[in-house]
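> Predicted model follows, preceded by the sequence.
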Number of protein chains: 2
Amino acid sequence: MTKWVYSFGGGSADGSADLRNLLGGKGANLAEMASLGLPVPPGLTITTEVCTYYYDNGESYPDALKGQVEEALTKIEEEVGARFGDVSAPLLVSVRSGARVSMPGMMDTVLNLGLNDKTVEGLATQSDDPRFAWDSYRRFIQMYSDVVLGMDHYVFEDVLEMLKEEKGYFTDTDLEVEDLQAIVADYKAKVQDALGTPFPQDPQDQLWGAISAVFGSWQIERAKVYRRLNDIPEEWGTAVNVQAMVFGNMGDTSATGVAFTRNPSNGDNRIYGEYLVNAQGEDVVAGIRTPQYLTEEARVEAEAVEPSMETVMPDMFGQLKAVFAKLEAHYRDMQDIEFTVQKGKLWLLQTRSGKRTAKAAMKIAVDMANEGLISKDEAIGRVDPAALDQMLHPMLDPAAERDIITTGLPASPGAASGKIVFDSDAAEDMALKGENVILVRVETSPEDIHGMHAAKGILTSRGGMTSHAAVVARGMGRPCVSGAGSLQIDAKTETLRCGPVELSAGDIVTIDGTTGDVIKGDVPTIQPELAGDFAILMEWADQVRRMTVRTNAETPTDAKTARDFGAEGIGLCRTEHMFFEADRILAVREMILAEDTAGRESALEKLLPIQRQDFEDIFDVMAGLPVTVRLLDPPLHEFLPREASEFEELASSLGVTTDVVQRRVHELHEFNPMLGHRGCRLAITFPEIYAMQAQAIFEAALAVKTRTGEAPIPEVMIPLVATEKEIATLRKLVDDTAESVFEKAGDKLDYLVGTMIELPRAALLAGDIAKEAEFFSFGTNDLTQTALGISRDDASRFLTTYVEHGIYPRDPFVSIDVDGVGELVRFGAERGKRARNDLKLGICGEHGGDPASISFCESVGLDYVSCSPFRVPIARLAAAQAALKATS
Amino acid sequence: MTKWVYSFGGGSADGSADLRNLLGGKGANLAEMASLGLPVPPGLTITTEVCTYYYDNGESYPDALKGQVEEALTKIEEEVGARFGDVSAPLLVSVRSGARVSMPGMMDTVLNLGLNDKTVEGLATQSDDPRFAWDSYRRFIQMYSDVVLGMDHYVFEDVLEMLKEEKGYFTDTDLEVEDLQAIVADYKAKVQDALGTPFPQDPQDQLWGAISAVFGSWQIERAKVYRRLNDIPEEWGTAVNVQAMVFGNMGDTSATGVAFTRNPSNGDNRIYGEYLVNAQGEDVVAGIRTPQYLTEEARVEAEAVEPSMETVMPDMFGQLKAVFAKLEAHYRDMQDIEFTVQKGKLWLLQTRSGKRTAKAAMKIAVDMANEGLISKDEAIGRVDPAALDQMLHPMLDPAAERDIITTGLPASPGAASGKIVFDSDAAEDMALKGENVILVRVETSPEDIHGMHAAKGILTSRGGMTSHAAVVARGMGRPCVSGAGSLQIDAKTETLRCGPVELSAGDIVTIDGTTGDVIKGDVPTIQPELAGDFAILMEWADQVRRMTVRTNAETPTDAKTARDFGAEGIGLCRTEHMFFEADRILAVREMILAEDTAGRESALEKLLPIQRQDFEDIFDVMAGLPVTVRLLDPPLHEFLPREASEFEELASSLGVTTDVVQRRVHELHEFNPMLGHRGCRLAITFPEIYAMQAQAIFEAALAVKTRTGEAPIPEVMIPLVATEKEIATLRKLVDDTAESVFEKAGDKLDYLVGTMIELPRAALLAGDIAKEAEFFSFGTNDLTQTALGISRDDASRFLTTYVEHGIYPRDPFVSIDVDGVGELVRFGAERGKRARNDLKLGICGEHGGDPASISFCESVGLDYVSCSPFRVPIARLAAAQAALKATS
């Protein structure tokens, strides 16, 4: 027969911490603590499998459940020496949810269950405190009616408030026993009125009502939202814990508290916690009374007046300290503990691994490894790479005041202040004058790249987490708040309105890309601290990881930042961004408007020295390291003006008629530019473009070699290849160019020619393509767009709904779709390797900086990941974790 | 040692017809005829492998070649009793190319090789005809200098013409021996002048020059173009045939001719051919003298005066007739034969399977099967399905005159005449009045669907074979000429200009979608004849094919046409075309502009009865058969007007402000609509749309069932699915709708719910998706777009170059890319079947009507193909051929 119910308490337990999936986190840890001989009020756990059964069977229970619960309840009764419903020694229990992972405040809890008109008297006698007994009964009716019976809680609050007003009481503690009895009577009448039936008096009815309510709360809206936000699968379900009540509010020898075995904020190895004498757990949380410190040291540091537990209850504190040490040693992690002291006896109500800041996680991991509690490998696993993000960018001083205008999406982390500018040219002009600017746009387009680069931060009123602004800003490491929908941006009048606030160009604004806050005025920032524990942990991570970590960078500044963060080369240097800058866009447009090869070549000749300088600057930073340069990728129309008004200007700059410009813009227009005349297709039709770029790359690399004595290793990447013939044709072009540059220079260097695998066909035909390619870089952005048929630029209209409905567990542009896109990457890697044993494999999509995706990359044997500069440390840590997982 | 040279002649041969790939078609058949004991002038064939070697090795030959050629040449000499370069009995040879498949006129030939200043005298003596000898020498020098030495042929024509003028001669036959000798001298002087070296006198030099010229001609431009147009791979190469000369111009007992064993135009089982007494082969072709009929019957029928060969050379004719019978029986196919009679002896110079019209192919196949010469299965294989296209559409009467204005691309076969209209609304209005119209547009868009449907034909000045106009027209079976670039279309002034011709709206124009001709005025058409041999062959095909054939149709007319052509159901009924029609577009737009679900539902309620009627009309035609209805697929913005000028009109029709329209149009704009908010994504966000469509489908199907007693089998198709959850969600919606319709009607019917597999992810995750889908229809148009990353609307900019460079062997939108897209289809089929054994599999992309793609569909085990109505017979035949191929 299936075991649906697990008992714990009295020094033993049916379950253990290993059964977290079955018993939930709380139930598993209660069982574990009981087995360790720690003082845990006895109880029972109804497994998560019952939850699954409940929802699979029209909200009904397995037949055997009732008997198993009764049996376990009897054990509790024996342990406590009280009986459920017994008038003289009534057993009272709490009923709590407990999922696999903590979902604080999301689901329902009922305390003091077992009280009724008769047992309340027994409790009064037993505790020798009628006021306590009646107050408990009042609280129970209120809680039960809210949670189980579905009544509005304000009904009960009204009763309480009215009585207090009538009596002229100021606080709840002024209530007398008689008052509480009157309130209980009134509460019960309200229940009868609202539901047409009396408040349940039978403790068994109460119990099953509460159990069903807890299971039911798995599917309430806020729980669903929480699960979605925290990637918790619906099928996990919750367990239900029924546990004997203990009371911290039975006088001055009673207390309740919460504690962390170390400081969860900075990681210090000191007990951190609060307690209250004569109180229940909710009082600590509710903030009605100010909790007091546990340790004297903390009290002194905080200059608090109220005495510490260490002073007030030295014996209890001593016991507690021993328990903390035991639990931390047992769980080998910092614990978050709830406890109650009932009349001088310590009870533990919960223990779990404590949540902590990234900074604390780092310190705790390093400390514990140094203490010998965990291994270095374990320490690496203890820090969530994604959480590093908050440490890597300048952040607003938490102490500073924030005059928040509105909050948008936290699209790219970090914070920045600067003068508002409404267009990219202005942003560039002002930045050149040394001003800090924030670029404010309804949305951004590739034409804004130079402005985004010049700005300290980007703010848009439209577009999601994967909008152009968001993606490019993350790539550049610029803070960005996107989709701040309540902003009204009028670029013409250069004003920004949000409710009553109106700002103009030149006014100072601050954005916090980590929270999405848009703040009026300047806010001081603090710089990240990357030494100490951070540096130690990164060093440990570097020792275990197999994959190297490169960066996506196309400016010397970005390249430098990335190297400082530990990047081991460039995995993606996009060359089109270089084409957009002001000093060259005219030559680019001249090339596009040229009528023939000769015309194009003459324009390209003007671009050659500029491109060469671009590459030299980057190669200088990366001397000795591999630099993957992607040859021109976007369709040519992206470089042309869009507005008819600009045609004339361009025409006169180039000495052609407006008609010519207009015709060419029209000719080049594409319905689906993502699937258009771009990537290597440009070079199949206009080989001279790639020839110029290849020449610039090799000449620049040789120049750096000559100057520094250390050559970069250019990896020339042909984008958007789908067939062997494309890469064969263009590889030959690059090789021929290299040969002619080397011959002219009388010098040469190592280089590779390879391709991006960013089309499903390329992944499938990887075996053919690898015959001609020396490396593959998986361009998982485009591979996601094509494999899933979703345009990143347009996806916001439905992708949110899709993630909400669980159609994709996460935004597939943020975390790789392992089942679909992942299979293509796997095909590409396997088939490519089979054809060319030493094929170098990497990834350069946005996914290269996402820990889950990095773990996937390890599993398919990629050689490196490449990500934006600010994500390099994240990738280093994630790669280390992935390597550990792979070998474990 | 590799055998590079194969000998034939004298009743035996090294090779045979089986070695076509090695010896080329001509060489293989000469060998075969020699082995059969037929009179073939002895010769040798240099294999196609030498051609490959030649191009792989910098245009050089394998070492062993020279020796092998010499050896084979010796055999020829022995057989003929003459020696190469011998002054008294010189051997003369022809040097001809011969690829695996015939490339008529594409490559070079040299005749009379072996003549020089000395051997010409020997030939004169030997033939007792000095004039013949010198004329042969003159011709040889001219041909050799042109073909091998690269001189312009007009140089020699000038010499000849000037002498004739000087002498007052009228024809070449007036030339005396002395004249010819003078000409030869002059020719040789011209060669010396132009090249600085004398005309080669050594027959060995002549021979190797000619061999190299033939191999060289494999890579001349016209040969490349021919190969591209005829899908002949470059790597096949050509063989070279060196063969003893025979002469049809040695007096009245000599003759030359060409013959087909049956009539290649209509397939009649009667010898069909021409000959000339005392002539060389080129005279028959050149048309200087009018050739005479072979048979007396043909002469009488044609009322020709010149006597037939049957009469003039009854003995030779008798031998020839026996040869024809022998060859047809041997090759079991109609033969195209070249022969020469030299002084009363018959020589065969070539035999090959003769080219024929589709009509003739059909008749010959059926006749031969009935004669017992071939099996029915072979007969099925003898007709090229693609060639049927020309038989299935009305065609211009070949006898009628054509006043051709220009020629565009033959985008959709068939011919049509009608009044010119320049916009789709006008087309519809005039069509409603019963007028035949031709819709003339620069290019078409989805908004033109109603106009294209109303028109008899479509003419565009822009766009390729896969442009919107072309694809939609083929789907509708409307003739279309696209990309007629020399047309200047001015829709504003409603004029069409092409050079001096100017036409206005209402003028009559005729288009021939089979040739691309655009013709001024009306041209009479003739209807296709689908009975007789066509019907018999189709019946045979239907008996052997495994796959069923359905049609893509969304109107009753198309559905009816398709059924007449043998369609066994509908494989794709697109519902969006229904939305564009004038009586409903307003309700569609109202739905799109609605602010909430209620607003959308109210608009959808207006559409429901209209959609129901649409489906009823189609189901009526398809009662008892499966009809796959694809629920709404395109992004909603496709239904909105594009021009600002139209916004106001729409706003006032719907009683909203122009702002609202403008905002919505802006909101819905997409950068890549192909990858946008479309397909099932529409219904995940707006389920009410699919609910309305499902209701309309089931209600219509029940109505037809009630009326006709025979229910159609609706197969409700959810487009653009990429995940199991999408299909699960929408399948439930359809099932729920069906249940409620059935309940209300008190009646029910069988139906299926399935999906299109048109995204790479869907193909890969087919195992999951099949859990929820009862059928898959491979949407290979979109699958090609996504797998290859090519937008069909934009591809024309580079796809032509791509096909020219052999990057894709054929336009992947016309013939499926077996390696890439094909692998995805294979995955989809295999994984889907594994998950659901009775999963129904079909294809509904344009590829469903392409024979090569149909063959692929057979190989992956699809259950049916679906294609446009006019391609149904093609698909039936191709499916039969594929089935035969699969079992052979």
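Received it, and whenever you're ready, just let me know what you need.
> Spell out for me which residue occupies the centre of chain A.
The centroid of chain A falls nearest to A:Ala386 when counting by CA atoms, centre = their mean (5.9 Å).
> Over to that residue: give its phi and psi.
Per-residue torsions, A:Ala386: phi -60, psi -30 (degrees, to the nearest 10).
> Tell me which residues touch the closest residue to it other than its chain neighbours, please.
Nearest non-adjacent residue to A:Ala386, counting by CB to CB, 6 or more residues apart in numbering or on different chains: A:Pro851, 5.6 Å away. To be clear about C-beta, it is placed using only N, CA and C from the backbone, and glycine gets the same treatment. Residues counted as contacts of A:Pro851 (CB atoms under 8 Å, 6 or more residues apart in numbering or on different chains) are A:384-386, A:874, A:877-878, A:881.
> Okay, and which of those map to helices?
Per DSSP state H, helices hold the following members of the contacts of A:Pro851: A:385-386, A:874, A:877-878, A:881.
> and A:Phe8, backbone torsions?
Per-residue torsions, A:Phe8: phi -150, psi 160 (degrees, to the nearest 10).
> wait, isn't it in contact with A:Ser16?
No. A:Phe8 is not in contact with A:Ser16 according to CB atoms under 8 Å; the separation is 9.5 Å.
> Tell me the spacing between the residue lying closest to A:Glu726 once chain neighbours are set aside and A:Gln695.
In space, and not counting its chain neighbours, A:Glu726 is closest to A:Cys680: 5.0 Å by CB to CB, 6+ apart. To A:Gln695, A:Cys680 is 17 Å away according to CB to CB, to the nearest Å.
> neighbour-wise, which of those two wins?
Counting neighbours by other CB atoms under 10 Å in any protein chain shown for A:Cys680 and for A:Gln695 shows that A:Cys680 has the greater number, 25 against 20.
> so who does the more buried one touch?
Going by CB under 8 Å, 6+ apart, A:Cys680 touches A:631, A:718-721, A:726-727, A:730, A:755.
> closest to A:Lys75 among those?
Using CB to CB, A:Thr755 comes nearest to A:Lys75 of the contacts of A:Cys680, at 67.0 Å.
> Go ahead and list the helix or strand containing that closest one.
Secondary-structure assignment from DSSP states H and E places A:Thr755 in strand A:752-757.
> Export only the CA atoms of the helix or strand following that strand, formatted as CSV.
Next in sequence after strand A:752-757, counting helices and strands by DSSP H and E, comes helix A:760-764. C-alpha atoms of helix A:760-764 as CSV (Å, rounded to 0.1, in the frame of the first residue of the first chain):
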residue,chain,number,x,y,z
PRO,A,760,18.4,24.7,-38.9
ARG,A,761,19.7,23.5,-42.2
ALA,A,762,23.2,24.4,-41.2
ALA,A,763,22.9,22.4,-38.0
LEU,A,764,21.5,19.4,-39.9
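> Please state the offset of helix A:760-764 from the chain centre?
Centroid separation for helix A:760-764 versus its chain: 31 Å, with CA atoms, centre = their mean, to the nearest Å.
> can you list the weak-confidence ranges in chain A?
Along chain A, the parts satisfying pLDDT under 70 run over A:104-106, A:229, A:282-289, A:390, A:446, A:464-466, A:471, A:475, A:529.
> And for A:Gln881, nearest residue in space, chain neighbours not counted?
The shortest distance from A:Gln881 to any non-neighbouring residue, by CB to CB, 6+ apart, is to A:Gly381 (5.7 Å).
> Please enumerate the helices of the stretch 501-650 of chain A.
Remark: helices assigned in the stretch 501-650 of chain A by DSSP state H, counting those that start in this stretch are A:532-544, A:556-564, A:576-580, A:582-593, A:597-621, A:644-654.
> what comes up buried for the last one?
Under the neighbour-count criterion of 16 or more other CB atoms under 10 Å in any protein chain shown, helix A:644-654 has A:647, A:650-651, A:654 buried.
> same deal with the third one?
Using 16+ other CB under 10 Å as the burial criterion, the residues of helix A:576-580 that qualify are A:576-580.
> tell me which of the residues you listed is nearest to B:Trp347?
Nearest to B:Trp347 among these is A:Glu576, at 67.4 Å by CB to CB.
> and A:Gly779, backbone torsions?
In terms of degrees, to the nearest 10, the main-chain angles of A:Gly779 are phi -90, psi 80.
> residue contacts, the spatially closest residue to it that is not a sequence neighbour?
When the adjacent residues along the chain are set aside, A:Gly779 lies closest to A:Glu758, with 3.2 Å between them (CB to CB, 6+ apart). Residues counted as contacts of A:Glu758 (CB under 8 Å, 6+ apart) are A:719-720, A:778-783, A:786, B:789.
> Report the buried members of these.
For these, buried by 16+ other CB under 10 Å: A:719-720, A:778-783, A:786, B:789.
> Could I get the residues you listed in TSV, plus columns for distance to A:Val821?
Output for the buried ones among the contacts of A:Glu758, formatted as TSV (distance: CB to CB, whole Å):
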residue	distance to A:Val821
A:Pro719	17
A:Leu720	16
A:Phe778	9
A:Gly779	11
A:Thr780	6
A:Asn781	10
A:Asp782	10
A:Leu783	5
A:Thr786	9
B:Gly789	14
